[in-house]
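J.: let's see this in three dimensions:
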Amino acid sequence: MGSSKIFEIGDKITIGPTPVNKLLIRGEVFGKDEVKQSLLIATSEMISLPKQPIKAYMSTPLLSLAGTASIRDAIALFTREHIHGAPVIDGERLAGIVTMSDITKAIDRGLPLTTVITKVMTKEVVEAPVDIKLFEVIRRFKEREIGRLIVTENGKPVGILTQSDIIRVFPSL
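T.: Residues are numbered from 1 along each chain as shown. Predicted coordinates:
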């Protein structure tokens, strides 16, 4: 909807996802009709986004760190499990998330590996309930520029969904 005047031949565009069937179309403008307000698009890709809830795609069991863990403990977990981030759990409460970026910044600041992880973690954690649809959280990843979010059920962390999990489902996203 809107004016086709803002588009030029050769522009790369993405349309969607459409409201009902969650279809995403990518292509290149190769013609336009400004009178009818329409574009001719050479389609390079059509994707129907999955309508299943994120619990079907999340990683479980949830690998986490206690609030008393050190940077060294986080590095050991990341290395052993081949992951790049983990939530920090204080009892049953989600206290934050620590990523390789957080650890790299801490080491760059000269913090010792014995530093408690709560001093370097990110406190603002993006969460999503287990029953939310995958197509709905993809937008959150892009808007908030995040690589992972914590999946919750009844307010408790039960899994993690990462960009890698999404790419496994949709390599072209």
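J.: drop to CA atoms for contacts and neighbour counts, all remaining ones
T.: Fine.
J.: Three-state assignment for residue 19, please.
T.: Counting by DSSP: H, G, I helix; E, B strand; the rest coil, the backbone at residue 19 sits in coil.
J.: read off the pLDDT value for the residue nearest the centre of the chain.
T.: Among the residues of the chain, the one closest to the centroid is residue 141, at 3.6 Å (Cα atoms, centre = their mean). With respect to pLDDT, residue 141 scores 83.
J.: do you know how far it is from residue 72?
T.: Distance, residue 141 to residue 72, by Cα to Cα, to the nearest Å: 28 Å.
J.: so the residue of the chain most remote from its centre, which state does it fall into?
T.: Of all residues in the chain, residue 35 sits farthest from the chain's C-alpha centroid, using Cα atoms, centre = their mean; the distance is 40.0 Å. Per three-state DSSP, the local secondary structure of residue 35 is coil.
J.: quick check: phi and psi on residue 78?
T.: phi -60, psi -40 (degrees, to the nearest 10).
J.: can you check residue 53 too?
T.: Residue torsions, per degrees, to the nearest 10, at residue 53 are phi -70, psi 160.
J.: list the buried residues of the helix or strand where residue 45 lies.
T.: For residue 45, the element it lies in under DSSP states H and E is strand 38-48. Residues of strand 38-48 classed as buried: 39, 41 (neighbour count, 16 or more other Cα atoms under 10 Å).
J.: using PDB, list the CA coordinates for it.
T.: Extracted C-alpha coordinates of strand 38-48, given in PDB (Å, rounded to 0.1, in the frame of the first residue of the first chain):
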ATOM      1  CA  SER A  38       1.800  -1.400  -8.800                       C
ATOM      2  CA  LEU A  39       5.300  -2.900  -9.000                       C
ATOM      3  CA  LEU A  40       6.600  -5.700 -11.100                       C
ATOM      4  CA  ILE A  41       8.900  -7.800  -8.900                       C
ATOM      5  CA  ALA A  42      11.300 -10.500  -9.900                       C
ATOM      6  CA  THR A  43      10.800 -12.900  -7.000                       C
ATOM      7  CA  SER A  44      14.000 -14.500  -5.700                       C
ATOM      8  CA  GLU A  45      12.500 -16.100  -2.600                       C
ATOM      9  CA  MET A  46       9.100 -17.100  -1.100                       C
ATOM     10  CA  ILE A  47       9.000 -18.300   2.500                       C
ATOM     11  CA  SER A  48       6.000 -19.400   4.500                       C
END
